[in-house]
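> Just need the structure, nothing else, for what follows:
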Amino acid sequence: MGILLTAIIVAGRSGSAFAAQIGTMQVNEEIDAMRTIGLDPMEVLVLPRTLALLVAMPPLAVYADLMGLAGGALMAIVSLDIIFTHSRND
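Purely as a prediction, here's the structure:
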């Protein structure tokens, strides 16, 4: 569940930010200027962002899973009176 929520949040936040920035660059004709000087906009604008997401998503997924486990444990302790330490009485 944590990975799914993290993916949705990252996709929404990153997708809207990327679209806004590239849209602004298109309006200001910066993308046409990049093509004029011989740069491929896909390599300069899209590829680094995609690689950054590939690097950032695994740690974010691990962090989201850990926070989900911690939140579930806290609610189990507070609401259900479940303790996670086990003492043996032999």
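> Please work out the average pLDDT along the lengthiest helix in the chain.
Under DSSP state H, the helix in the chain containing the largest number of residues is helix 47-80. Throughout helix 47-80, pLDDT has a mean value of 91.
> Name the residues of that helix that are buried.
For helix 47-80, a neighbour-count test (16 or more other C-beta atoms under 10 Å) marks 60, 61, 64 as buried. Yep, even glycine has a C-beta here, placed from its N, CA and C like the rest.
> Same list, the residues you listed, but as a markdown table with distance to residue 3 please.
Listed next are the buried residues of helix 47-80 as a markdown table, based on distance: C-beta to C-beta, whole Å:
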| residue | distance to residue 3 |
| --- | --- |
| 60 | 9 |
| 61 | 5 |
| 64 | 6 |
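> which one among these gets closest to residue 18?
residue 60 (16.8 Å; C-beta to C-beta).
> Surely that closest one and residue 10 touch.
Yes - Residue 60 lies in contact with residue 10 (C-beta atoms under 8 Å); the separation is 6.7 Å.
> Let me know the secondary structure of the residue most central in space within the chain.
By C-alpha atoms, centre = their mean, the chain has its centre lying nearest to residue 10, at 3.6 Å. Secondary structure state of residue 10, per DSSP: H, G, I helix; E, B strand; the rest coil, is helix.
> This completes my enquiry, with thanks.
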